[in-house]
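Peer 1: Just to be clear, the model below is a prediction. Sequence and coordinates:
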Amino acid sequence: MAATAMSITIERTVQVETHRHPMPPRERLERIFSVEGLDALYGGKPAIKNVSMDVYKNLVTAIIGPSGCGKSTFIRCLNRMNDLIPSFSQTGTIRYHGQDITDPGVDPVAVRRNIGMVFQRPNPFPKSIRDNVAWGLKVLGMKDNLDERVERALTQAALWDEVKDRLKASALSLSGGQQQRLCIARAIAVEPDVVLMDEPASALDPIATAAIEQLMHSLKSEYSFVIVTHNMQQAARVADMTAFFSISRGEEGQRWGELVEYDATEKMFTAPADKRTEDYVTGRFG
Amino acid sequence: MSAHSLTKASLRAEGLPRRRAVNRMMESLAWLAAAVAVAILGVVVYSVARRGAPALSLDLITKTPASFSLTPVKQGLANAFAGTLVLVGLATAMALPSGILVAVYLTEFARPAIRSAVGLALDLLNGVPAIVIGIFVFGLFVVGHGQSALAGSFALACLMLPLVARATMEVLVLVPSSLREAGLALGVPRWRTTLSIVLPQTIGGIVTGTVLAVARVAGETAPLLFTSSLVGTKVSWNPQHALQSVPVAIFELAESPDPQDHARAWAAALVLLLFILFASLAARWLATRSRSRMGASR
């Protein structure tokens, strides 16, 4: 019996949005974050080493890279979310509008007040849909026009039409995609400066994913987004700037993540400067 | 011998019959141990019910003990039931808030080293004999001041504290950390997130733990002997006086020469036992209910 030789060519083509607005030169952009020489360690073991990059205002910045390259660790450094992990430590500086947020004198609560976060898995409070958005507003003293603020946030998160008739229903009765949009509404309701998104669409179906990408696109004139994603197409679709993290291996088998290349998304996907970036975005690795 | 041989001879060669026999024996031993545990409870409940039921009447909880008389009078232990209500109520009022605070501190704020050290202290406190707690409170409050229900309830609270704290810790660790992160990511202080997001998730578990602790201390005699046992026969609700309690009343009646008193002691024991059984069942029911609610929230 003759064996059938079958060759399957899998070609990962990445569509870069062509109708996006041309990006102004980087010198003209306002810097929100200025990260320099950031090392992050869990229990003394490095998770990321020597990351230096700037994040710009009113852009969507994507962090891509293979699993275990420290994408999430990096983004959680930006709002001191890693403080909750006892074994965590870091060195280097992260300037947020010029102020070093790694400074022990900086109050992490104040940092997170300005830099919101949406997590990988939807984590609505076990409260009503309305209270999920209203709780943060109430606690943070933004009590004027509460209903209006709730409606605006839900509208911005493209959820209002689906929930306006059942605002008192439990948030846990929503679908996964709706829950994640509710989490986005909750994050933007308190009017942060930056919204960090840690793989916000990884647990969602393509339609919900598209809805979230669409809302990032329409909201970036008001907020700045940093999004971690392992989905390159997603980075290509939503991001203005893209950073590629990769895993480096030490001599004694240690592994850590490091920033390989950071540039405009279009350049990253069409003419990357580093061979590793090219391998990753063309699907030869990762 | 082939590795796939299934003949009896090959199985015997591997010692299968012996392993099977050992297995069967261990299984029966385990079953027997379980049966003994159930049987002990059954015997206790049965014997208390058999001896207590005849003297059980409404008088038991509405009438007070009569002072010595040669003619039979209707009497009961109303003072002891009222006293137990006051003692356990006050003990709960002391132990519940402090137990919750200890648990919140340990699970939400303390460093791991402190958490395990204080956790160990709670377990040790839980293991301290009740009589030792009684002597301790006697030395602390009773010497020079006299007995009082306040001192007695403080002794009971010492017994309740580790139970409430441990039960609360158990449910606090079940609250998904993603909820804490959600609150903190909004820029809300940690104490506020704990109070408004984390604690409401644990109310079912805290109630369960408290009911179990109440059931446990309602039957404690030893801590009350030194702190609230020199009592009158009138019903009193004043915690500044020593108040009679059901377990102490049972203890005293059991030592009386009068068979009528023995009957009353059995009846009071039955009431106490039924209260503890129902409280435990209620706690179980609450626990399953709150657990299924927690499951739904994930």
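Peer 2: All right, it came through fine.
Peer 1: C-alpha only now, for contacts and for neighbours.
Peer 2: OK.
Peer 1: Would you mind giving me the confidence score for the residue of the stretch 51-200 of chain A found nearest chain B?
Peer 2: Proximity to chain B, evaluated over the stretch 51-200 of chain A using C-alpha to the nearest C-alpha, is greatest for residue A:113 at 3.7 Å. Here the pLDDT value assigned to residue A:113 is 94.
Peer 1: Let me know the secondary structure of it.
Peer 2: Of the three states, residue A:113 takes helix under DSSP: H, G, I helix; E, B strand; the rest coil.
Peer 1: Next one: the closest residue to residue A:213 other than its chain neighbours from residue A:210, what distance?
Peer 2: Distance criterion C-alpha to C-alpha, 6 or more residues apart in numbering or on different chains; nearest residue to residue A:213, sequence neighbours excluded, is residue A:238 at 6.2 Å. Separation of residue A:238 from residue A:210 (C-alpha to C-alpha, to the nearest Å) stands at 10 Å.
Peer 1: Looking at these two, which one has more neighbours?
Peer 2: Using other C-alpha atoms under 10 Å in any protein chain shown as the criterion, residue A:238 and residue A:210 rank with residue A:238 on top: 26 against 16.
Peer 1: pLDDT-wise, which helix or strand of chain A ranks last?
Peer 2: Within chain A, no helix or strand scores below helix A:206-219, which has a mean of 87 by mean pLDDT, DSSP states H and E.
Peer 1: which residues are in contact with that one?
Peer 2: A:60, A:156, A:157, A:158, A:177, A:178, A:181, A:201, A:225, A:234, A:237, A:238 (C-alpha atoms under 8 Å, 6 or more residues apart in numbering or on different chains).
Peer 1: For residue A:103, what are phi and psi?
Peer 2: phi -60, psi 130 (degrees, to the nearest 10).
Peer 1: scratch that, residue A:41
Peer 2: The phi/psi pair for residue A:41 (degrees, to the nearest 10) is phi -130, psi 140.
Peer 1: That one contacts residue A:90, doesn't it?
Peer 2: Yes - here residue A:41 reaches residue A:90: they are 5.9 Å apart, a contact under C-alpha atoms under 8 Å.
Peer 1: what about the residue in the stretch 151-298 of chain B positioned nearest to chain A, which SS state?
Peer 2: Of all residues in the stretch 151-298 of chain B, residue B:187 sits closest to chain A, at 3.7 Å by C-alpha to the nearest C-alpha. Counting by three-state DSSP, the backbone at residue B:187 sits in coil.
Peer 1: ok, now which ones touch it?
Peer 2: A:109, A:110, A:111, A:112, A:113, A:114, A:116.
Peer 1: Helix, strand or coil: sort out the second one for me.
Peer 2: It stands for residue A:110. Per three-state DSSP, residue A:110 ends up helix.
Peer 1: Leaving out sequence neighbours, find the closest residue to it.
Peer 2: Nearest non-adjacent residue to residue A:110 (C-alpha to C-alpha, 6+ apart): residue B:187, at 6.3 Å.
Peer 1: for the third one, same thing?
Peer 2: Computed as C-alpha to C-alpha, 6+ apart, the closest residue to residue A:111 that is not its neighbour in sequence is residue A:79, at 6.0 Å.
Peer 1: before we move on, back to that, and the residue nearest to residue A:110, what are its phi and psi?
Peer 2: The phi/psi pair for residue B:187 (degrees, to the nearest 10) is phi 80, psi 30.
Peer 1: Alright, I will stop here.
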